[in-house]
Structures are given as structure tokens and as C-alpha cells.
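Visitor: Let me see the structure of the following:
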Amino acid sequence: MRLALIALFLTITTLSAEYIRQPIDQKLIDSKIKIIDIRTPGEWKTTGLVKGSTPIMFFDEQGNYNVENFLGKLGKTVKKGEKFALICNSGNRTQTVGTFLGKQMGYNVIDLQGGIQYAIGKKIPLEPYKPKP
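Guide: Residues are numbered from 1 along each chain as shown. Presented below is the predicted three-dimensional model:
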């Protein structure tokens, strides 16, 4: 019985989740949707962040990751049913992480295609990365 309830919960969660891929644009920025930047601190320092976005690294410089750590930090910024966007450098990491979060974990994710490089090309407002002490 318990296993059936867990399976039902996972099915309902998956059905209510959404995974969308789209490029960043000013309309999305103006909507005030939360944007999670999953790049590394070095990348944040190099290019800055989309104005108002939250940096939460997923993959480190060696390609390693800690899902529990990431989900813990994500949970402090985004509620489970809330729609939010993910950005990385070019869109490759967000496609992997967005698919995982949307299709397996039940989040409502917008994967920002083209990443920060696309945002820079479109002159989306950026701000310098300021590490928290």
C-alpha cells in the first residue's frame, strides 16, 4: 500500500511538472521570474550574472556535482511548484539539469537556451558577481 502511494505521488508530481526550453528575452526578465545561474564561481566572476539572478553552482570545474547540496540551496530560493528559469554558459548544462529537475524531480523549469552567451549577445542586463561572505 505504501509503495502504491509513493508511486501515485511521483506520478502526480511528474504530471504537474513542466520543462520548457526557450532563449532568454526581456519579456522573461520583466516577468520577474526567478533565474538560477548554475555555472561556477569563476564563470560568474568572468561575465557577471543576469541582473537579479541567483547563483547556485551545480557542476564544479571538474564536472562533479552534489545533487543534495544543490537541491537544498534551490529549495531555499524556489518553491517546488513555482516556475523558474535555469541559465548556464551555453545551454548544455541547463538542458541536463533542467531535464532532471523537470522530468524526474517535478519542478517547473524553463531552460534558457544559449545561456549567458546568448544573453550577452542580446544585451540582457548583467551585474557583477558579488560572493557572499
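
Visitor: State the mean pLDDT of stretch 63-81.
Guide: For stretch 63-81, mean pLDDT rounds to 96.

Visitor: again with stretch 30-41
Guide: 97.

Visitor: what about the strands in the protein?
Guide: 18-23, 34-37, 49-50, 54-55, 83-87, 108-113, 126-127 (DSSP state E).

Visitor: Same list, the ones you listed, but as a markdown table with distance to G72 and mean neighbour count please.
Guide: In short, each C-beta sits where N, CA and C put it, glycine included. Putting the strands of the chain into a markdown table (distance: least, CB to CB, whole Å; neighbours: other CB atoms under 10 Å) gives the following:
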| stretch | distance to G72 | mean neighbour count |
| --- | --- | --- |
| strand 18-23 | 21 | 15 |
| strand 34-37 | 13 | 22 |
| strand 49-50 | 20 | 22 |
| strand 54-55 | 14 | 18 |
| strand 83-87 | 16 | 22 |
| strand 108-113 | 17 | 23 |
| strand 126-127 | 25 | 13 |
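
Visitor: distance of K103 from K123?
Guide: Between K103 and K123 the computed distance is 32 Å (CB to CB, to the nearest Å).

Visitor: what's the answer for G42, then?
Guide: Distance, G42 to K123, by CB to CB: 23 Å.

Visitor: K103 and K123: who's more crowded?
Guide: K103 (14 against 8; other CB atoms under 10 Å).

Visitor: Quick check: that one touching I20?
Guide: No. If you go by CB atoms under 8 Å, K103 and I20 don't touch, sitting 11.6 Å apart.

Visitor: Identify the residue nearest the residue most central in space within the chain in space, chain neighbours excluded?
Guide: Residue closest to the average C-alpha location in the chain (CA atoms, centre = their mean): L86, at 2.6 Å. Using CB to CB, 6 or more residues apart in numbering and skipping the chain neighbours, the partner closest in space to L86 is T94 (4.2 Å).
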